[in-house]
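Q: following is a predicted model, sequence given first.
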Amino acid sequence: MFAVYRILKLVDGQYRCIEEGVVYDGLSEKELKAIRKFARNTFPDIEVPSFPPNVLYAVHHSLLEFMEDVFFPALRNGWLIAGFNLPFDLSRFSLDWRTTRKGGFNLILSKIWWRQTPMQGIRERAGGGRPGNTPPIGRTFRASN
């Protein structure tokens, strides 16, 4: 599995790219070589100046790394997440699924549930990270009959 992503920022009424990256997991050596060559030889289309300049693709070597470093922070911050075929892609990112009481299903995207503590303002694992104590994190879809 591999994917390419972009992070955009609203600047002067237009969305401008601030980061582009590649995520891959479980690829053959030939596929890895092609992705490394692409990331090394292709400059990202960054439209917002930064210091130091962003001249390389961000590369995430596992799906877990991408989810923890990019996807979940975007969810926590309320960012708009758009994709060409997002329900399909999210189903491939999911680790598991559960049925809901209303006939839909939840995609479980992580087995670790992080929460913000009101007093300290720090993240801690909810439920001590014990299996069975991790609530489903994801989007609920209604099954059609």
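A: Great, that's in hand.
Q: show me where the chain has helices.
A: 29-41, 63-66, 72-76, 86-93 (DSSP state H).
Q: redo the ones you listed as TSV? Include distance to residue 11.
A: Yep, even glycine has a C-beta here, placed from its N, CA and C like the rest. Shown next, in TSV, are the helices of the chain (distance: least, C-beta to C-beta, whole Å):
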stretch	distance to residue 11
helix 29-41	25
helix 63-66	25
helix 72-76	18
helix 86-93	24
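Q: would you tell me which one of those is buried the most?
A: helix 63-66 (a mean of 18; mean count of other C-beta atoms under 10 Å).
Q: so which elements touch that one?
A: Using 3 or more C-beta pairs under 8 Å, 6 or more residues apart in numbering; DSSP states H and E, the elements in contact with helix 63-66 are strand 14-24.
Q: list the buried residues for stretch 89-106?
A: 90, 93, 94, 105, 106 (16 or more other C-beta atoms under 10 Å).
Q: surely the third one and residue 110 touch.
A: To tie it back to what came earlier, the one meant is residue 94. No - in this structure, residue 94 is not within contact of residue 110 by C-beta atoms under 8 Å, at 9.4 Å.
Q: related to what we said a few turns ago, for residue 2, find the nearest of the helices of the chain.
A: helix 29-41 (6.1 Å; C-beta to C-beta).
Q: and that closest one, how far from the chain's centre?
A: 21 Å (C-alpha atoms, centre = their mean, to the nearest Å).
Q: I'd like the average pLDDT over that helix.
A: The average of the pLDDT scores along helix 29-41 is 90.
Q: what pLDDT does residue 69 get?
A: Residue 69 is given a pLDDT of 89.
Q: now it. Nearest residue, chain neighbours left out?
A: residue 60 (6.6 Å; C-beta to C-beta, 6 or more residues apart in numbering).
Q: again with residue 47
A: Nearest to residue 47 is residue 16, by C-beta to C-beta, 6+ apart, at 4.0 Å.
Q: could you measure from the one you found over to residue 8?
A: 6 Å (C-beta to C-beta, to the nearest Å).
Q: got it, and residue 112?
A: Applying C-beta to C-beta to residue 112 and residue 8 gives a distance of 27 Å.
Q: ok, the residue nearest to residue 47 - contacts?
A: By C-beta atoms under 8 Å, 6 or more residues apart in numbering, residue 16 lies in contact with 8, 9, 10, 47, 48.
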